[in-house]
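J.: missing the sequence, but the structure's below:
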């Protein structure tokens, strides 16, 4: 193609590396950068480098933070006897949005997936076991995604933690609020039936 | 919210400024930057600044280029007697992908839209008139989008150019190839009927 601008192609390639962004969207985004003022591109670039430089894992829960210990772990008002184990840092945000949970978190940064070569050593499991060692924690809530890998990770951890005498719970399965029974899959529906409560 | 990381929020805000990216997608993209290696964030930042610094308007057709004159305008093999007028630089890419058009382009960088305060002075219309002045151009193809603003821009330009004795054409309206008649709107269908050809 005659119309081949190297810096533009490079920018399109960079956008395309982002998850869920294909060639067309990447092109649209790159053109929007060209149409915006120069300072805007500079601010975007600074935000990228800044976020990646300043944000690292919390020394305690392994979530992302720009401090030594994240604000949740440092918060004295939170219940230190419960740890909610999630696979990704963004799951912490999802729980925080509920405003219902007052315990701590632990981020594994992935799930066990032998096919992708992800083994227990690559997840933040050692760090979790270290936090459980001193006996402060009374309950661990397994909140990995309800996928095959998420379930496998959750049962692997359960087997590790059970001998320590800590209560292990897991999120309830069921139909989502606002969902439609007609569109619920068989597995979800049978789990909802299994976990039914008296009203 | 307790979980408030300033550099992360700044990055999410920057992603959210992009067209078609909402809060949720912006958050997902920002987390993917955190999960990728540091050099990757740096390369992305460099690509942003680089593209915005090096790419500017072609002195002739006003399309984006990193050279003084874009490769299309500089290409001696292209037909200099036809100019295709488009509203955005990305429309040039769309035409180039067809591999059917061998003329030149002119990018207006917008359409007339009095409600948004976009008047003829803000578009690259002076530059187009300057290109038409020397008599090389025999035909101008109006290829603005088939919207109210696109049509208004196209008829405004036609009125300006007609007195110069240059042929003015416009893209055919009709049903898109691979489209379904059932889903075609009334206006498109009546335009397709109006513009029917003998087979």
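T.: In hand now; what should we look at? Since this is a predicted model, take the numbers as computed values, not measurements.
J.: low-confidence stretches in chain A?
T.: Low-confidence regions of chain A, defined here as pLDDT under 70, cover residues A:1-3.
J.: most centrally placed residue in chain A?
T.: For chain A, the residue nearest the mean C-alpha position is residue A:88 (1.9 Å; C-alpha atoms, centre = their mean).
J.: contact partners for that one?
T.: A:107, A:109, A:110, B:31 (C-beta atoms under 8 Å, 6 or more residues apart in numbering or on different chains). No exception for glycine: its C-beta is placed from N, CA and C like everyone else's.
J.: give me phi/psi at the nearest residue to residue A:109 once chain neighbours are set aside?
T.: Nearest residue to residue A:109 in three dimensions, chain neighbours excluded: residue A:124, at 5.6 Å (C-beta to C-beta, 6 or more residues apart in numbering or on different chains). With angles defined as degrees, to the nearest 10, residue A:124 sits at phi -80, psi 60.
J.: what is the subsequent helix or strand relative to the helix ranked longest in chain A?
T.: In chain A, with assignment by DSSP state H, the single longest helix is helix A:38-54. For helix A:38-54, the succeeding helix or strand toward the C-terminus, using DSSP states H and E, is strand A:56-57.
J.: which other helices and strands does that following strand contact?
T.: Strand A:56-57 makes packing contacts with strand A:64-65 when contacts are defined by 3 or more C-beta pairs under 8 Å, 6 or more residues apart in numbering or on different chains; DSSP states H and E.
J.: who's in contact with the residue lying closest to residue A:82 once chain neighbours are set aside?
T.: Nearest non-adjacent residue to residue A:82, counting by C-beta to C-beta, 6+ apart: residue A:103, 3.2 Å away. For residue A:103, the contact set (C-beta under 8 Å, 6+ apart) comprises A:78, A:79, A:80, A:81, A:82, A:83, A:84, A:139, A:141.
J.: now do 6 Å
T.: Applying C-beta atoms under 6 Å, 6 or more residues apart in numbering or on different chains to residue A:103 gives the contacts A:79, A:82, A:84.
J.: ok, and the closest non-adjacent residue to the last one?
T.: Leaving aside its chain neighbours, residue A:84 sits nearest to residue A:141 (4.4 Å; criterion: C-beta to C-beta, 6+ apart).
J.: so the residue nearest to residue A:109 makes contact with residue A:61?
T.: No: using C-beta atoms under 6 Å, residue A:124 makes no contact with residue A:61, being 8.9 Å away.
J.: the more surrounded of these two?
T.: residue A:61 (26 against 18; other C-beta atoms under 10 Å in any protein chain shown).
J.: check the gap between that one and chain B for me.
T.: For residue A:61, the distance to chain B equals 11 Å [C-beta to the nearest C-beta, to the nearest Å].
J.: kindly report the same for residue A:184.
T.: 23 Å.
J.: how about the helices in chain A?
T.: A:6-16, A:23-35, A:38-54, A:71-74, A:89-98, A:125-132, A:148-161, A:186-194.
J.: angle of the second one against helix A:6-16?
T.: Inter-element angle recorded for helix A:23-35 and helix A:6-16: 130 degrees (by axes from the mean of the first three to the mean of the last three C-alpha atoms, to 10 degrees).
J.: which residues of chain A lie near chain B?
T.: Within chain A, the positions near chain B by C-beta under 6 Å from any C-beta of the partner chain are A:1-3, A:5, A:7-8, A:10-11, A:14, A:18-19, A:29, A:31-32, A:34, A:38, A:41, A:44-45, A:47-52, A:54-55, A:64, A:66, A:71-72, A:75, A:90, A:96.
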